[in-house]
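> build me a model:
(chains A and B)
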Amino acid sequence: MSEQEVNTDNQETQRQKYSDKEAARIFDQEFMPHVNSMYNFAYRLTFDEDDAKDLVQDTYLKAFRFINSFEQGTNAKAWLFRILKNSFINEFRKKSKQPAKVDYNEVESYYNSDDIDENITTDLRVETVQHMIGDEITSALNGIPVDFRTVIILSDLEGFTYEEMSKILDIPIGTVRSRLHRARNMLKDKLAVYAKEMGYNK
Amino acid sequence: MDERRFSEIVQLVLDNEADEESRAIFEEKIRTCVKSCGSFEKEKSLRETIKQKLFDHKKDIPNDLAASIKKSINL
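A predicted model of the protein is given here:
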């Protein structure tokens, strides 16, 4: 784990020098309140309770180790999510129990092509989604590639802005915007297929 | 403006990320086009429904996780 993993690439970090007491207070009051969100994010990335727990514990240990890179008054939640995301990519994904991932660049290129939206989500009705249960929606979300799933989680479940997501994911805001748009279409496409299979549209 | 472009602007509006220009285009479009207004309302409802169902389906955090984290750094 390098310090770069906790800071944004374009951020010239001003290192702090917290006393042990200050560090403990920051950790307890600014970091720990996000443990629930962190665990849910980890679980939606790993699909495994034990793996999610390990990932969150690992993230908090790193956050404490590099606490002098965190500036009080800045967005602690975004900082923690960035560490978790990097831990997942750099260390956890390698030993993940999941099957091989789809190359999201290929998927993104495909979904960025001009004609793809024409066939998508045309028959997904609000009433159909209202009849679905949380398990079914979650399964659809879990069925899209992780980098697309991630932007939906960060935006719709955790309420991050495009700018915050850009810093968490190390991608330009324009890419956040386009990836989120594609991701939502992919999710609706999955839901439409599922609804058809389950006869929700009848 | 084609449907694809309007769809992109709708996403920005719903995310509270639309700039003034996009917002002006959006407002003009839904004021003058019934179909676009319907598309926006549908997208808004879909978004809210999906979000709510995902939110309600959050995983409960393990009871010992917070304590275990604090213990591991001697807090």
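> low-confidence stretches in the chain?
This is for chain A. Chain A contains residues with pLDDT under 70 at A:1-5, A:7-14, A:93-123, A:201-202.
> and the residue of it closest to chain B?
Here chain A gets closest to chain B at one residue, A:Gly134, 3.1 Å apart by C-beta to the nearest C-beta. From N, CA and C alone the C-beta is placed, and that goes for glycine too.
> what's near enough to touch that residue?
A:Gly134 sits next to B:53-54, B:56-57 when contact means C-beta atoms under 8 Å, 6 or more residues apart in numbering or on different chains.
> not counting residues beside it along the chain, what's closest to it?
Once flanking residues are discounted, A:Gly134 sits nearest to B:His57: 3.1 Å by C-beta to C-beta, 6 or more residues apart in numbering or on different chains.
> quick check, pLDDT for that neighbour.
We have a pLDDT of 86 for B:His57.
> got it, and the one 10 residues further on?
The predicted local distance difference test score for B:Ala67 is 94.
> look up how far chain A lies from it.
As for B:Ala67, its distance to chain A is 10 Å (criterion: C-beta to the nearest C-beta, to the nearest Å).
> any idea how far the helix or strand encompassing that residue is from the chain center?
For B:Ala67, the host element (DSSP states H and E) is helix B:65-72. How far helix B:65-72 lies from its chain's middle: 33 Å, per C-alpha atoms, centre = their mean, to the nearest Å.
> and for stretch A:147-154?
The chain centroid and the centroid of stretch A:147-154 are separated by 5 Å under C-alpha atoms, centre = their mean.
> contacting residues for the most centrally placed residue in chain A?
Residue closest to the average C-alpha location in chain A (C-alpha atoms, centre = their mean): A:Thr150, at 3.2 Å. By C-beta under 8 Å, 6+ apart, the residues touching A:Thr150 are A:45, A:85, A:169.
> most surrounded residue in the residues you listed?
In terms of neighbour count, A:Leu45 stands highest of those at 25 neighbours, by other C-beta atoms under 10 Å in any protein chain shown.
> wait, isn't it in contact with A:Val146?
Yes - in this structure, A:Leu45 is within contact of A:Val146 by C-beta atoms under 8 Å, at 6.5 Å.
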